[in-house]
Each structure stands twice: as C-alpha cells, then as structure tokens.
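Student: When you get a sec, could you give me coordinates for this:
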Amino acid sequence: MPVHVRVCRDCGEEYRPEIVTCVDCGGKLEDRFLGDEAVSGTAPPSPTTAPETGPDLSQHRPVFASGHARDLIPFAEALEASGIAFHFVETPAEEERRAASYSLLVHESDAAAALHALSPLLGLPGPADAPPAVEAPFEDGRGYTRCPACGQQQAAGALECSECGLALGAEDEG
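Tutor: The predicted structure is shown next:
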C-alpha cells in the first residue's frame, strides 16, 4: 500500500499529508506516494479523486504564531519533547499587504501544559505554582495587552494581533 507524504519543492523535506507548508524553508509542498507503485506497476492514486480533509481542530487553540514558519521550529520541538500533541497550521494572507501566518495549535486539554512548556522559550519564566507566564498579558475587561504568540503590544479590545494576525478575541454577538 502506498504511503502518502508531502515533499517540499524547495528543500526536499518530507511531511505528513495534512501539512501544507515546509516548516524549514516555507516552500510549497507536493503530494507524493511512496511504496507499492514500483512493485505493483500501478500508478499511485490521484490526489484529486478524493478531497483530503484535515483533522478536526475545533477543540484546539493557538499557543504560538509567527509570520515565518521557521520561527515555530523550537516551539514545536519543545512541545514534542514535553509529549504534547500539536498541529502546524498555515493561515493564508487575506490581503495583499499582509503575509501568511503560521500557528501551533494544541488541544484545549493540553493548553496549560503547552504554555508552561513554551514559557521559557518566550523568556517569560515564572514560579512553578504560578499560571503560565505566557498568559500574563491578559487583563479582565481589557483583553490582551500583549499578543501571547509574538509579544506585540496590543490596543485595548483588539480582536486580532496587529503583528502576526493571531485571533485575540471574538466579536460580541447580539
């Protein structure tokens, strides 16, 4: 049975099928099917025959975001070393003047552990019994004073980070 991987056009790194951009160089990935095609003599299945659906990330939240995929590498390595499952997600640019952004998402149940694991990388160590320092920029009634992903100072009530585009809040419905 062929193994589906994605390969970077620029540097040749291989990734799982749900990854869309190379973490090492930011290059585009191509679908490749490795394995049985040489043995069976049959062509690999066409990626257009069945649309790929990514994992359900509705119960996940971002713990770090950046405009450069390579910036996420040490954070991804820290999460992996801590045994915390994560997803690398690309958010395409919505406007010409704004670049795509990249985020690391973890399940809600792993968020506190992930924030503790990432705090030293952000230069925000805190006492062991304190809440994660990366959450400290949040103030009740005002929202985030600094983006928890990139550290950029934020205006009161900002819904999105002006630097990296991380969603900081939701618009009130009603």
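Student: Following element in sequence after the lowest-mean-pLDDT helix or strand in the chain, please.
Tutor: None of the helices or strands of the chain scores lower by mean pLDDT, DSSP states H and E than helix 37-40, at a mean of 43. Scanning forward in sequence from helix 37-40 by DSSP states H and E, the next helix or strand is strand 60-66.
Student: Quick one: list the elements packing against that next one.
Tutor: Packing partners of strand 60-66 (3 or more CB pairs under 8 Å, 6 or more residues apart in numbering; DSSP states H and E): helix 73-81, strand 101-107, helix 111-118. Where C-beta positions appear, they are placed from N, C-alpha and C, glycine not excepted.
Student: Highest mean neighbour count out of these?
Tutor: For the helices and strands packed on strand 60-66, the largest average neighbour count (mean count of other CB atoms under 10 Å) is found in strand 101-107, namely a mean of 22.
Student: now for it, which elements pack on it?
Tutor: The contact analysis (3+ CB pairs under 8 Å, 6+ apart) places strand 101-107 against strand 60-66, helix 73-81, strand 87-91.
Student: The last one: which residues count as buried?
Tutor: Across strand 87-91, burial judged by 16 or more other CB atoms under 10 Å covers 87, 88, 89, 91.
Student: what's the angle between that strand and strand 60-66?
Tutor: 70 degrees (axes from the mean of the first three to the mean of the last three CA atoms, to 10 degrees).
Student: what angle sits between strand 87-91 and helix 73-81?
Tutor: 150 degrees.
Student: on that earlier part again, compare the helices and strands packed on strand 101-107 and report which one is nearest to residue 156.
Tutor: strand 60-66 (20.5 Å; CB to CB).
Student: can you give me the angle that closest one makes with helix 111-118?
Tutor: Compare the direction of strand 60-66 with that of helix 111-118 by the same axes, to 10 degrees and you get 20 degrees.
Student: contact partners of strand 60-66?
Tutor: Identification of contacts with strand 60-66 by CB atoms under 8 Å, 6 or more residues apart in numbering yields 72, 75, 79, 86-87, 89, 101-108, 111, 114-115, 118, 134, 147-150, 161, 164-167.
Student: hang on, the earlier thing: considering the buried residues of strand 87-91, which is situated nearest to residue 30?
Tutor: Closest to residue 30, out of all of the buried residues of strand 87-91 and judged by CB to CB, is residue 88, at 17.1 Å.
Student: Contacts only, for that closest one.
Tutor: Residues in contact with residue 88 (CB under 8 Å, 6+ apart) are 19, 23, 69, 72, 76, 102, 103, 104.
Student: how about 10 Å then?
Tutor: Applying CB atoms under 10 Å, 6 or more residues apart in numbering, we find residue 88 in contact with 15-16, 18-21, 23, 69, 72-73, 75-76, 102-105.
Student: can you list the weak-confidence ranges in this structure?
Tutor: 1, 35-53, 93-100, 123-142, 169-174 (pLDDT under 70).
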